[in-house]
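> Starting from these lines, generate the structure:
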Amino acid sequence: MKNLRLMIAAMALCALGLLSAPASAQPKEIILWHGYRAEEKAALEKVIKQFNDANKGIQVKTLAVPYDAYADKISATVPRGKGPDLFIFAQDRLGGWIEAGNTVEPIDFYLDDAVRKRFIPTTMEAMTYRGTVYGLPLNYKVVTLIYNKKLVPTPPKTSGELVATAKKLTDKKAGRFGLAYSYGDFYYHSALMNGFGGGVFGPGTTPTLNSPANVKSVELMMKWAEKDGILPAEPSSALITSLFNDGKAAMVFSGPWFLGEIAKSVDYGLAPLPTLDEAGGKPMRPWMTVEGVYVSAPSQNKDAAFEVAKFLTDATAAKVLALEGRQSPANQTVYADPKISGDAQLKAFRDQVEVAVPMPNVPEMTMVWSPATSAMNGILKKASTPKAALDVAQKAVAKDVAGLRKK
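Take a look at the predicted model:
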């Protein structure tokens, strides 16, 4: 009888929350999705292990999602509460996910000045949508000048120097070119477009594809290809890699993804993209993509998830991701570390990002790619002038944007 009374008393205390059930002592489990492979994946997993070892109350499990299906998987699962607590992705889809609802949690509530100031300002801009912050920037990717040191002892600093150097190194009959890059790809062309002060949107996401600045940027590109003759015709990524590795392309405009394709026999260097004599000496300004760490809106452990995001983006984690994962951290404080500042590759991308432009994260951006690609193809095939092709693209994008706003 006495034992029965004790059992009833214990049950009552549990109901009142005065006794903790064993389950409450279990650590909170945070699921993190990412699209990394190889050294990037290994570096991320090392940082996560450091977090798990130091925080027994929160344990993180990671899942590497195949990149081709990654964005669609987020869109399909997260709003239904079937996805992760945290996920890492570039900012280009951010606006669409926010407008779709119940995907990305706003995190202004969690941010203090110390956290805000740890990042390169433009990377925080990429995580901001309509004045609200939705993610912590983890790393960035940006296009810069990559050159063969044997062929180009001193990289050009201006477009005039670029053309002069490239002409000396071009011999079309021998299949040699001073410069090679995917100039027909609108992403790569952004460096010229932004350098001239152009862009795809004006205030209120009003399309501006056929602006005078954009037209001038395409005209300069065509001058390099036709009049100056320093570019290969219709270069593919495979052709550019082959030319550079064979010593038949002296300079390339590309990003960190290109470095892993360079043959070990090639002694290469990195330098900022040249300034534009044709634009009054303004710098070429490539688009910057920023991978952010986002808290899923349906997560049941948002506070814990944010603690993980904060850890992933601090200086200690950034050092591992930079030196072992070969990523460019958005955390600006880590660049004071001698091992980071003394790394030629990391320094080059850090220098370039100073003039880079965050790729628009608005939903309307998805409507730009197809018309812009058609315009660039028509221009390269000489089926249309730059102005006429961009006029057609402008009309197409304006129509689609107007349709989106009616929904």
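
> Helices along the stretch 251-400 of the chain, start to end?
In order along the chain, the stretch 251-400 of the chain carries the following helices (DSSP state H, counting those that start in this stretch): 256-259, 302-312, 315-323, 338-341, 344-353, 369-380, 386-406.

> quick one: which of the ones you listed is nearest residue 128?
Comparing those against residue 128 with C-beta to C-beta, the closest turns out to be helix 302-312 (15.4 Å). All C-beta atoms are positioned from the backbone trio N, CA, C, and that covers glycine.

> so that closest one versus helix 315-323, what angle?
60 degrees (axes from the mean of the first three to the mean of the last three C-alpha atoms, to 10 degrees).

> Name the residues that touch helix 302-312?
Under the contact criterion C-beta atoms under 8 Å, 6 or more residues apart in numbering, helix 302-312 has outside partners 28, 30, 32, 44, 47, 51, 55, 58, 60, 85-86, 105, 107, 110, 115, 135-136, 138, 293-296, 299, 317.

> can you do 6 Å?
Here helix 302-312 makes contact (C-beta atoms under 6 Å, 6 or more residues apart in numbering) with 28, 30, 51, 58, 60, 85-86, 105, 110, 136, 293, 295, 299.

> can you give me the offset of that helix from its chain's centre?
The chain centroid and the centroid of helix 302-312 are separated by 21 Å under C-alpha atoms, centre = their mean, to the nearest Å.

> and it, average pLDDT?
Helix 302-312 shows an average pLDDT of 97 in the prediction.

> Just give me the neighbour total for the nearest residue to residue 400 once chain neighbours are set aside.
Nearest non-adjacent residue to residue 400, counting by C-beta to C-beta, 6 or more residues apart in numbering: residue 367, 4.1 Å away. By the criterion of other C-beta atoms under 10 Å, residue 367 has 21 neighbours.

> I figured residue 367 hits residue 398, correct?
No. Counting by C-beta atoms under 6 Å, residue 398 is not a contact partner of residue 367; they are 9.4 Å apart.

> can you give me the strands in the stretch 51-200 of the chain?
58-64, 86-90, 128-129, 132-133, 136-142, 144-148, 177-180 (DSSP state E, counting those that start in this stretch).

> Quick one: these as TSV, columns for mean neighbour count and mean pLDDT too.
Formatted as TSV, these follow (neighbours: other C-beta atoms under 10 Å; pLDDT from 0 to 100):
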stretch	mean neighbour count	mean pLDDT
strand 58-64	17	96
strand 86-90	24	97
strand 128-129	18	96
strand 132-133	16	97
strand 136-142	26	97
strand 144-148	24	98
strand 177-180	26	98
